[in-house]
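Colleague: sequence unavailable; structure follows:
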């Protein structure tokens, strides 16, 4: 699946996402600090989020944000699997001090259901202390949907669209750019 450029936050940022990504703001209200896109036929989502800068060591910040996501998801279990720095020469966002990649798993119930789903969570964190901002790029990738979940789809009903891959997400990570820093209130 090829990538296509998507404007973010009124054109202040841009990112290349898999073609066919659905902009969730066209169907429901999204907080001003987020942009949310969903896969056309899977339960995958990509979220771009502008967060308050956390005054902690850079290497600890990805885990901090992962745990924050876990709390927001009301996860009953979360585990970090990999946390590593992304070399700055591999990303398009030149304003960030450092960039990080984290992968982990969470056990999450959707809509307060009892059925729990296993979700791979992939996070790219861009640290911008000059703007008192952390930017998160997150791929939520369900790997096991409980038969009792409202998200469960019988195997014979699957659409032929391929799910987004970790490789595609890593490509997206390299393309996120800030075009207008006034987005941060300077």
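Modeller: Noted; the coordinates are in hand. Keep in mind that what you see is a predicted model, and the values were worked out from it rather than measured.

Colleague: which residue ranges form the helices in this structure?
Modeller: Secondary structure of the chain (DSSP state H): helices located at 61-72, 166-175.

Colleague: out of those, flag the one nearest residue 34.
Modeller: Across the helices of the chain, residue 34 has its closest neighbour in helix 61-72 (11.5 Å, C-beta to C-beta). For every residue, glycine as well, the C-beta is placed using N, CA and C.

Colleague: circling back to that earlier point, reformat the helices of the chain as TSV; add distance to residue 44 and mean pLDDT.
Modeller: Listed next are the helices of the chain as TSV, based on distance: least, C-beta to C-beta, whole Å; pLDDT from 0 to 100:
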stretch	distance to residue 44	mean pLDDT
helix 61-72	15	87
helix 166-175	9	96
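
Colleague: could you dump those to CSV with mean neighbour count and distance to residue 50?
Modeller: Shown next, in CSV, are the helices of the chain (neighbours: other C-beta atoms under 10 Å; distance: least, C-beta to C-beta, whole Å):
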stretch, mean neighbour count, distance to residue 50
helix 61-72, 18, 12
helix 166-175, 17, 16
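
Colleague: can you add distance to residue 95 and give those back as JSON lines?
Modeller: Below are those laid out as JSON lines (distance: least, C-beta to C-beta, whole Å):
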{"stretch": "helix 61-72", "distance to residue 95": "16"}
{"stretch": "helix 166-175", "distance to residue 95": "15"}
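
Colleague: model confidence for the nearest residue to residue 182 once chain neighbours are set aside, exactly?
Modeller: Using C-beta to C-beta, 6 or more residues apart in numbering and skipping residues adjacent in sequence, the residue nearest residue 182 is residue 12, 7.3 Å away. pLDDT, residue 12: 97.

Colleague: enumerate every residue touching residue 12.
Modeller: Going by C-beta atoms under 8 Å, 6 or more residues apart in numbering, residue 12 touches 178, 179, 180, 182, 183.

Colleague: now do the phi/psi pair for it.
Modeller: phi -70, psi -20 (degrees, to the nearest 10).

Colleague: now it: how far from residue 169?
Modeller: As judged by C-beta to C-beta, to the nearest Å, residue 12 and residue 169 stand 22 Å apart.

Colleague: could you do residue 37 as well?
Modeller: Distance, residue 37 to residue 169, using C-beta to C-beta: 12 Å.

Colleague: joint contacts of those two?
Modeller: residue 46.

Colleague: quick check: bridge partners of the most centrally placed residue in the chain?
Modeller: By C-alpha atoms, centre = their mean, the chain has its centre lying nearest to residue 138, at 1.2 Å. Residue 138 has these beta-bridge partners by DSSP bridges: residue 47, residue 123.

Colleague: run through the strands of this protein in chain order.
Modeller: For the chain, strands defined by DSSP state E occupy the ranges 3-8, 13-18, 22-23, 34-38, 45-52, 77-86, 98-109, 116-128, 133-144, 177-178.

Colleague: fine, thanks again, bye for now.
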